[in-house]
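Engineer: Next come a sequence and a model predicted from it.
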Amino acid sequence: MNVHALTDRLVAAAGGLYGDKMKFFREGCESPQVAEIIRNLEMDFITPGEARPPNDGGRENEGPASEEYRVPVRYGEIEATARYRLIHWAGPTARSIIYHHGSGETNYTARIRKIAAAMDSKESLNIIAVSVPFNSSMKEYLYGVGRLDRFAFMFASSVRITEELVSYLKSLGAERIACVGMSLGGWVTNLHHSYYNSCSEYLPIFAGAAPDHLFSETVYTKMLAEAVRSPENLSRITEALNFEQDFAQQSNENVHPCMARYDQFIRFDRQTGIYRREQIRVLERGHVTGAAAIKELAGHLAQGRTV
């Protein structure tokens, strides 16, 4: 076992030391299929308005570019607030990146800011970061993942917000729109591709279309509440979260994934089968060490799809 795989396993083992009050689905393991939540989710979306270009020094003028937009979202009895922020605006003819963060990243703009800083093309990009609901603090995030339906709701909310942002960008004349996500955000990216496919390119990072596998056959199972590790509950997780068949119904020529060969959470052999092999960028890293490979991730986002 190399250092990349070992790091992932140590992280999972450390997480497994916490009691069930901090683990996934400890409050319940029942949920509609994520596609149903996407279709029936209600929200009060707020558009950024007329985005303005940066002034001298690359800093945004007062207005939309410097604000965080809060979006109330609802499904049945579940209500929460999702967020998004316009990080950089280069104009409607520029390539746009809609970025989705990883699990537990309550500072949801931090990683994409680091990645953007390492990109030579950053000044010519529009960059929007989206946060799932239940993500303003770690306490709130742990509440969100405490029940399977809330977890699926988190995915669905970001998918729907992405579609609203795509519609908004296209209304301004944007043609090159990339949906990008890391880990949890990679699932969101692939879900949006499966049910909308309205972006010109999709760049999932360390994700596939089988989130359920994370909780059943990887070291990440340690993060699952002990009470829900039965075959019956694992089947419920699969029914709620797995979307491999829907992903396969789309033409995937605009999907350019980045995967880590030694990832112990998003297992390479299990999750890459949905992709066109020639379009996969492979990092010789694990999940944790891959997420820290800022320059390599910047290269992946900058390259994207040739337009």
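Structural biologist: Thanks, I have it.

Engineer: can you map out the helices along the stretch 51-200 of the chain?
Structural biologist: For the stretch 51-200 of the chain, applying DSSP state H, counting those that start in this stretch gives helices covering 110-117, 138-144, 148-171, 184-195.

Engineer: got those as CSV, with mean neighbour count columns?
Structural biologist: C-betas here are computed from N, CA, C, even on glycine. What follows is the helices of the stretch 51-200 of the chain, written out as CSV (neighbours: other Cβ atoms under 10 Å):
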stretch, mean neighbour count
helix 110-117, 18
helix 138-144, 15
helix 148-171, 22
helix 184-195, 27
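
Engineer: Any chance of JSON lines for these, columns mean pLDDT?
Structural biologist: Listed next are the helices of the stretch 51-200 of the chain as JSON lines, based on pLDDT from 0 to 100:
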{"stretch": "helix 110-117", "mean pLDDT": "95"}
{"stretch": "helix 138-144", "mean pLDDT": "95"}
{"stretch": "helix 148-171", "mean pLDDT": "97"}
{"stretch": "helix 184-195", "mean pLDDT": "98"}
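
Engineer: quick one, which of those is nearest to residue 231?
Structural biologist: helix 148-171 (15.4 Å; Cβ to Cβ).

Engineer: Quick one: end-to-end distance for stretch 113-128.
Structural biologist: By Cα to Cα, to the nearest Å, the extent of stretch 113-128 from end to end equals 10 Å.

Engineer: For it, what is the distance to the chain centroid?
Structural biologist: Chain-centre distance of stretch 113-128: 18 Å, with Cα atoms, centre = their mean, to the nearest Å.

Engineer: Can I get the helices of the stretch 51-200 of the chain in CSV including distance to residue 95?
Structural biologist: Conversion of the helices of the stretch 51-200 of the chain to CSV gives the following (distance: least, Cβ to Cβ, whole Å):
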stretch, distance to residue 95
helix 110-117, 12
helix 138-144, 30
helix 148-171, 10
helix 184-195, 16
